[in-house]
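A.B. asks: When you get a sec, could you give me coordinates for this:
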Amino acid sequence: MNNQKLILISLFAVLVICACSGFSFAERGLEIDYPNVPGAEAPAEGTELPGYIKYIFNFSVMIGGILAFAVLLFGGIRWMSSVGNPAAISDARSWMLGGIMGLLLLLFTYLILITINPQLAIFGKMKPLMPVTGIYLIDAEEKKKHITTDFSDIKNFDADSMEFIDSPDELTSVFIYKNKNYKATTDEEIMEIKNGEQIPNFNFVPKSLLFFWNKSGVYLYKKIDFCENTSGEYTCLEPPKYLSNSESNLGDWNNKTQSIKFNNKTDFLYGAILFTENEFRGECGVALGELDIENLSVSPPGLSYIHPIGLDKLSSLSLLNLEEETSGDITFYDSIDCKGNKKTFTPTMAEIFENLEFDFFEGTTKPLHKNILSFKITGNFEVLLNTQEGFGDETAKCQLFKKPKTGDCVPTIKGSYVYDPEPEGIKIESMMIIPVSL
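C.D. replies: Residues are numbered from 1 along each chain as shown. Down below sits the predicted model:
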């Protein structure tokens, strides 16, 4: 019985070792001469993973079968030479039984595996696994290199064209660079290859590339018209900056944005409040996301972009979902700590109040104009306070207030960017209440 266990363990170990060895050989295909195996082609340069799997499977079955037959033959010879020795005959029987069990194990293993995947059959032909995402880089000899993510240093492959695997709905474009690490010093060292359009031959051999996936959010560009010239060629030295959440500090992109695109791929209708300073304050503009803004210094027709902030001024922005269902309300007070006279609003959508001189605290003739000192947010809202009437005055100072992390009360706006306690100082003249979910 011990011999039987040893034989079975040995056969199993052979299968495992062969499999592991085959995978390690696959990484050094040019260094190994693979022996021929019945039912499978010997791997060569360019062999796909399925080819290696089939080869390893057949090779393992062959080696296991040889070992099992050798064990069976050894047991038979030992039996024949053990006449008159009961102990030796018993040992020979154990060896033969172990060989038979080994052969049965191989047979059942084979049957199970080809039931799971009939293409593993020794005389079958296994189809290559086809990539389902990414791109192919293609060289002059039509050889392909499959890439699924950003690549900072492409070596030993001189690509001159590309083939997309994903649809344009998933992968918008790929940016290729003449230099590694995504660096370009002129617009001739970067190309945007757009998915769904005719793919041109590359102007250079790419050494790095960036994927530009089609994701819901906001895209910032460093030139007007989204970095495209009249021929549709990309003229910026880097891809647009993608944002899916509000940013209080744009970092390296501070004061470098000239145009903005909104991608409303999901149920969101994105909008954004744009600020010329960090921490959601400064001169402000409101982009409602209905139209892309090809020039931040110009307001397109309609109300899609209220008060242009200008080129190269954007330093922070708050993203909005303009289709978010609202709940709760906002109450403003004329004293700190959410006390004193109050005025409650229950907006159903984004609302702009351009002159608070005509809105009064409840039960009084005291206008909200210049008298707001604190407020309470009990719903999914943000409040944009402005020191001038309307949102088109370049001298206006804006600040965005979000719901506190603890509690509902913003206890005071004294000492804030938009409030000066002096009688004739800076105080609130207008405001915007915005539903949010981001």
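A.B. asks: What distance do you get for Cys227 to Lys343?
C.D. replies: As judged by CB to CB, to the nearest Å, Cys227 and Lys343 stand 46 Å apart. Where you see a C-beta, it was placed from the backbone N, CA and C, and this is true even at glycine.
A.B. asks: swap that for Pro131, sorry
C.D. replies: For Pro131, the distance to Lys343 (CB to CB) stands at 60 Å.
A.B. asks: With neighbour numbers in mind, choose between those two.
C.D. replies: Counted by other CB atoms under 10 Å, Pro131 and Lys343 do not tie: Lys343 has more neighbours, with 22 against 14.
A.B. asks: Can you show me the strands along the stretch 1-150 of the chain?
C.D. replies: 135-139, 144-147 (DSSP state E, counting those that start in this stretch).
A.B. asks: Hmm, Tyr177 and Phe183 touching each other?
C.D. replies: Heads up, residue 183 is Lys, not Phe. Yes. Assessed by CB atoms under 8 Å, Lys183 is found in contact with Tyr177 at 6.5 Å.
A.B. asks: Can you verify my assumption that Cys338 contacts Phe375?
C.D. replies: Yes. With contacts counted by CB under 8 Å, Cys338 reaches Phe375, the gap being 7.0 Å.
A.B. asks: pretty sure Met162 is touching Ile138, no?
C.D. replies: Yes. At 6.5 Å, Met162 counts as touching Ile138 under the criterion of CB under 8 Å.
A.B. asks: out of those two, which sits in the busier spot?
C.D. replies: Met162 (23 against 19).
A.B. asks: I'd guess the more buried one is in a strand, am I close?
C.D. replies: Yes. Assessed by DSSP: H, G, I helix; E, B strand; the rest coil, Met162 belongs to a strand.
A.B. asks: May I have the beta-bridge partners of it?
C.D. replies: Beta-bridge pairing for Met162 (DSSP bridges): Leu137.
A.B. asks: tell me the pLDDT at the residue nearest the centre of the chain?
C.D. replies: The residue lying closest to the centre of the chain (CA atoms, centre = their mean) is Trp213, at 7.4 Å. Looking at Trp213, its pLDDT stands at 90.
A.B. asks: Pairing partners for it in the sheet, please.
C.D. replies: Using DSSP bridges, the beta-bridge partners of Trp213 come out as Leu171.
A.B. asks: Pretty sure it sits against Ser173.
C.D. replies: No. Counting by CB under 8 Å, Trp213 does not reach Ser173; the two are 9.4 Å apart.
A.B. asks: got any residues that touch both of those two?
C.D. replies: Common neighbours of Trp213 and Ser173 are not found (criterion: CB atoms under 8 Å, 6 or more residues apart in numbering).
A.B. asks: By mean pLDDT, point me to the weakest helix or strand of the chain.
C.D. replies: Lowest on mean pLDDT, DSSP states H and E among the helices and strands of the chain sits helix 2-26, with a mean of 47.
A.B. asks: ok so, going back, wait, which of the strands of the stretch 1-150 of the chain is closest to Arg93?
C.D. replies: When the strands of the stretch 1-150 of the chain are compared by CB to CB, strand 144-147 sits nearest Arg93, at 54.7 Å.
A.B. asks: Give the other helices and strands that that closest one contacts.
C.D. replies: strand 135-139 (3 or more CB pairs under 8 Å, 6 or more residues apart in numbering; DSSP states H and E).
A.B. asks: starting at the chain centroid, how far to the strand it packs on?
C.D. replies: How far strand 135-139 lies from its chain's middle: 22 Å, per CA atoms, centre = their mean, to the nearest Å.
A.B. asks: Then stretch 416-424?
C.D. replies: 44 Å.
A.B. asks: That one: which residues count as buried?
C.D. replies: Buried residues in stretch 416-424, counting neighbours by 16 or more other CB atoms under 10 Å, are found at 416-419.
A.B. asks: Which pair of these spans the longest distance?
C.D. replies: Pairwise distances across these (CB to CB) peak at 7.7 Å, for the pair Tyr417 and Tyr419.
A.B. asks: Just the terminal-to-terminal distance for stretch 320-330.
C.D. replies: Using CA to CA, to the nearest Å, one end of stretch 320-330 lies 17 Å from the other.
A.B. asks: quick one: contacts for the residue nearest to the centre of the chain?
C.D. replies: 170-172.
A.B. asks: Tell me the spacing between it and Tyr242.
C.D. replies: 8 Å.
A.B. asks: Check Ile89 too.
C.D. replies: 78 Å.
A.B. asks: what's the answer for Gly271, then?
C.D. replies: For Gly271, the distance to Tyr242 (CB to CB) stands at 17 Å.
A.B. asks: More neighbours: which of these two?
C.D. replies: Shown here are Gly271 and Tyr242; by other CB under 10 Å, Gly271 has more neighbours (24 against 15).
A.B. asks: what's near enough to touch the more buried one?
C.D. replies: By CB under 8 Å, 6+ apart, the residues touching Gly271 are 262, 286-289, 319-322, 350.
A.B. asks: next one: Lys256
C.D. replies: Going by CB under 8 Å, 6+ apart, Lys256 touches 222, 250, 312, 314.
A.B. asks: got the contact list for the third one?
C.D. replies: When you say that, I think you mean Asp312. Asp312 sits next to 255-258 when contact means CB under 8 Å, 6+ apart.
A.B. asks: go again using 10 Å as the cut-off
C.D. replies: Going by CB atoms under 10 Å, 6 or more residues apart in numbering, Asp312 touches 222, 254-258, 276, 296-297.
A.B. asks: Taking those, tell me the two that lie furthest apart.
C.D. replies: Greatest spacing in the contacts of Asp312, by CB to CB: Asn254 and Ser297 (17.2 Å).
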